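J.: Predicted model and sequence below, questions to follow.
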Amino acid sequence: MRLSLIARLAWRDLTHSWGASLCLALAAAVALVPVLLLFGLNYGFVSGLIEDLRRDPLTRELRPVGQYALDADWFAARRDDPRVDFVLPRTRYLASSAEMRAAGAPGLTDVELIPSAPGDPLLGGGAAPDGAATVALTLRAAQAAKVAVGDAVELVVVRRVGERRERETLRLTVTGLIESSAYPRAAVFASSLLVDEVERWREGGEAPTFGWAGDPDRAGRRTWASFRLYARDVRDVPAMRAELLARNMDVRTEAEAISRALAIERGLGAVFLAILALASGGVLLTLGFQLAAATAEKRGDLAILRMLGLESLELGAIPMVQGGMIAGSAAAAAGLAVLAAQPLVNLRLAGLGGFDGPMSRLEPWHALAATLAMAAAGAAAGVAAGRQAIRAETSEGLRHD
Amino acid sequence: MTAALIIRDAEIRRGAAPGELGFRLEVEALDVGFGERLGLVGPSGAGKSTLLELAALLAWPTRVGRFDLCGRSLADLICGRDADGAARERARELAYAPQNGGLLPYLSVRENALLAARLARKPMDGVGPRVETLAARLGIAALLDKRPNRLSGGERQRAAVLRMAVAEARLFLADEPTASLDRANGETVMAALVDAAEGAGAALVCVSHDRGLLERFGFELAEVTAELDAAGTERRARLVRRREVASCA
């Protein structure tokens, strides 16, 4: 197969009857523009919406309502679930309150004490709290105590033993800040070790890590009242919520927003596929008929090529290559048109539905992929015409004028 | 002199549908040596063009006893209806010009000629200058970059001769090259054709109605005769031209 020669001949033939070729390519391009535009919207708005949801750890969170008695096995099972991104035991709400100030400063700020660990989605990639040494603060807490990353803070916890009020202070270094969008209230994200010890001490036990005295008999507990749980993928949240509800554990999620976005994604995906199939099917069918008609009309030219020594496959490849050229250039033109119009579309639709990303997002490589795919499909559309070219009687074609 | 073409005992049938007048061409013997010029003459519809197509491997015979092209036996290839094999042989050994010249409308005269050389799988170096030289001899050097539809009938036929000459074929087959031309143009084209075949040392077989023209250019004539068979259902054409030519090794 002398493919470059075939391609040159196919191209010269197309450009010789450029009027008809151009009309065919333009008609195909016009049919493909809405497909690519819809693809851009699907990829921009819908995928962007899902991406937004996925980026936002709060949408992946399953927040327990109420208090339970969850043992280590329960947490181990959650950790083994491939859908779970992050899970940590959490103490009961009352036991998690504390006070904080910048080291040596007067005045105290009420804070929540929240367990954290490496991989905590709310840390936003910042350093995880380490043992009894470092913590991350929410922005609200840091502002209230007027501290920044690298500063030392004092965490003050109190307990009441009979009539006596006891008070302990921990000196910690701030190594991370948590955005208000991730956690709006004043809170200290500390290691599970720290949170557990503080809870045990507040309930009358001892906290050996910090050397805080207490009743050593109160050491043996191992259930937790609550948890922090994040799914790996926002798409798994509704199912995980349903499973927890089935075990009488009420959790709050952004399920509604999630399932709305997922429904849009599914619905638009189906519409997109239908339009893609109809539009490109129509284009390819028309192209196939046009190529077959042109092959019948040009049987004289094809017979000349046969006479000059072109082999069957080479002859049959000519209408296929032409189909590829027409469909490919149509897709390329449609892609360029959509890429050119896209900024206008995005400007016009900016901020629609509270979505702040680009509504349409057709990337250059999408247009390139569409061009290659349409070129291949166009070549396939030329198969019938190619067979027809091979089967034509050469002598008949040569006598035909 | 060696043989460019030897055909024995070949038969082509056409239009065998019931109620239709059938056509059968029988070639008992057709031998053409290198350097020879053979004119095929006969009444219209006698099958001269069909015979030329048979020689050009463009029409499949229903029977062939022997078919040697430039010393190679192609009877098996023909009986097996190997279209691609035929295309390769044709490209290598034959230059064929149908009645209208058979130029591709979307290529210039030069590109038409170069394409023939390229498809003949001949080495392409030196072909460009050769096209110029041959075109100058044919008097169409100024037309090389024109498309066929910008040429007159005579110019088109000379462009077809140019294409035949460039491919360095050893058997030239031309179907009525002068049929649509006036006398002066016909003479020019025939002179060009004879000159090109001679330059290539090739055999030349030419179908024409114009016996006088063929004779003036030194063609030997072979007559294709045709008559209705006894039943009146078939037109039978025959050609006999047996000559002693040594086949090339």
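T.: That came in fine, so what should we check first? Numbers count the residues shown, from 1 in each chain, chains lettered A, B, ... in the order given.
J.: in chain B, what residue is nearest chain A?
T.: Proximity of chain B to chain A (C-beta to the nearest C-beta) peaks at B:Ala91, 2.5 Å away. (Each C-beta comes from the backbone N, C-alpha and C, glycine too.)
J.: Look up how far A:Glu297 lies from that residue.
T.: Going from B:Ala91 to A:Glu297 by C-beta to C-beta, to the nearest Å gives 25 Å.
J.: ok, the two, which is more surrounded?
T.: B:Ala91 (23 against 11; other C-beta atoms under 10 Å in any protein chain shown).
J.: Go ahead and report the secondary structure state at A:Gly66.
T.: coil (DSSP: H, G, I helix; E, B strand; the rest coil).
J.: Cross-check the contact I'm expecting between it and A:Asp250.
T.: Yes: using C-beta atoms under 8 Å, A:Gly66 is in contact with A:Asp250, at 5.9 Å.
J.: What residues of stretch B:27-37 count as buried?
T.: B:27, B:29-34, B:36-37 (16 or more other C-beta atoms under 10 Å in any protein chain shown).
J.: what's the farthest-apart pair in those?
T.: B:Val27 and B:Phe34 (19.9 Å; C-beta to C-beta).
J.: Is A:Leu88 part of a helix or strand, or is it coil?
T.: strand.
J.: State the number of residues packed around it.
T.: 21.
J.: and it, what does it touch?
T.: A:75, A:115-117, A:120, A:192, A:227-228 (C-beta atoms under 8 Å, 6 or more residues apart in numbering or on different chains).
J.: quick one on the thing from earlier: which SS state does the residue of chain B closest to chain A fall under?
T.: helix.
J.: quick one: the nearest residue to it once chain neighbours are set aside from B:Gly201, how far?
T.: If the residues on either side of it in the chain are set aside, B:Ala91 comes closest to A:Gly309, at 2.5 Å by C-beta to C-beta, 6 or more residues apart in numbering or on different chains. Separation of A:Gly309 from B:Gly201 (C-beta to C-beta): 21 Å.
J.: more crowded one of those two?
T.: A:Gly309 (23 against 11).
J.: Wait, the more buried one touches B:Lys122, no?
T.: No: here A:Gly309 does not reach B:Lys122: they are 10.7 Å apart, not a contact under C-beta under 8 Å.
J.: which of the residues in stretch A:278-292 are buried?
T.: A:279-280, A:283-284, A:287-288, A:290-292.
J.: what's the closest of the residues you listed to A:Phe355?
T.: A:Ala279 (25.9 Å).
J.: Confirm for me that that closest one is in contact with A:Pro34.
T.: Yes: the pair formed by A:Ala279 and A:Pro34 meets the contact definition of C-beta under 8 Å, at 6.8 Å.
J.: What residue in chain A comes nearest to chain B?
T.: Closest point on chain A to chain B, by C-beta to the nearest C-beta, is A:Gly309, at 2.5 Å.
J.: residue contacts, that residue?
T.: Here A:Gly309 is in contact with B:87-88, B:90-92, B:119-121 (C-beta under 8 Å, 6+ apart).
J.: Pick out the lowest-pLDDT one from those.
T.: Lowest pLDDT of the contacts of A:Gly309: B:Arg121, 82.
J.: residues contacting that one?
T.: A:309, B:91-92.
J.: ok, 10 Å please
T.: A:2, A:309, B:88, B:91-92, B:167 (C-beta atoms under 10 Å, 6 or more residues apart in numbering or on different chains).
J.: B:Leu57 now?
T.: Here B:Leu57 is in contact with A:307, A:394, B:67, B:69, B:74, B:77-78, B:82-83, B:85-90, B:93-94, B:96 (C-beta under 10 Å, 6+ apart).
J.: Also A:Gly386?
T.: Applying C-beta under 10 Å, 6+ apart, the residues contacting A:Gly386 are A:291-292, A:295, A:312-313, A:315-323, A:379.
J.: next one: A:Pro64
T.: A:70, A:90, A:225-229, A:244, A:249-252.
J.: repeat for A:Leu22
T.: A:14-15, A:326, A:329.
J.: Who wins on neighbours among these?
T.: Busiest of the contacts of A:Leu22 [other C-beta under 10 Å] is A:Ile326, holding 27 neighbours.
J.: And the pLDDT for that residue?
T.: 96.
J.: List just the nearest of the contacts of A:Gly386 to B:Ala141.
T.: A:Ile318 (30.5 Å).
J.: tally of neighbours for residue 46?
T.: All of this is about chain A. 22.
J.: not what I meant, chain B
T.: Neighbour number of B:Ala46 under other C-beta under 10 Å is 23.
J.: And A:Met320, by the same measure?
T.: Using other C-beta under 10 Å, A:Met320 is surrounded by 24 other residues.
J.: name the element A:Thr175 belongs to?
T.: Here A:Thr175 sits within strand A:164-178, counting by DSSP states H and E.
J.: could I have that strand exported to CSV, CA atoms only?
T.: What follows is strand A:164-178, C-alpha atoms only, in CSV (Å, rounded to 0.1, in the frame of the first residue of the first chain):
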residue,chain,number,x,y,z
ARG,A,164,-12.5,20.6,93.7
ARG,A,165,-11.7,22.3,90.3
GLU,A,166,-8.5,21.0,88.8
ARG,A,167,-6.7,22.7,85.9
GLU,A,168,-3.9,21.6,83.6
THR,A,169,-2.0,23.4,80.9
LEU,A,170,-0.3,22.1,77.8
ARG,A,171,2.2,24.0,75.8
LEU,A,172,1.9,23.3,72.1
THR,A,173,3.3,24.7,68.8
VAL,A,174,1.0,25.7,66.0
THR,A,175,2.0,24.0,62.7
GLY,A,176,-1.0,24.5,60.6
LEU,A,177,-4.1,26.7,59.9
ILE,A,178,-7.5,25.4,58.7
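J.: Provide the backbone phi and psi angles at B:Leu56.
T.: Careful, residue B:56 is Ala and not Leu. Here is the backbone geometry of B:Ala56 (degrees, to the nearest 10): phi -90, psi 10.
J.: Do you have the helices of the stretch 201-350 of chain A handy? List them.
T.: A:237-246, A:255-297, A:299-308, A:312-348 (DSSP state H, counting those that start in this stretch).
J.: got the contact list for residue 89?
T.: Went with chain A since none was named. With C-beta under 10 Å, 6+ apart, A:Pro89 has these contacts: A:70-72, A:74-75, A:78, A:115, A:192, A:195-196, A:222-228.
J.: oops, I was thinking of chain B
T.: A:309, B:56-57, B:69-70, B:72, B:74, B:77-78, B:82 are the contacts of B:Glu89 under C-beta under 10 Å, 6+ apart.
J.: Quick one: buried ones out of those residues?
T.: A:309, B:56-57, B:69-70, B:74, B:77-78.
J.: closest to A:Asp56 out of the helices of the stretch 201-350 of chain A?
T.: helix A:255-297 (9.7 Å).
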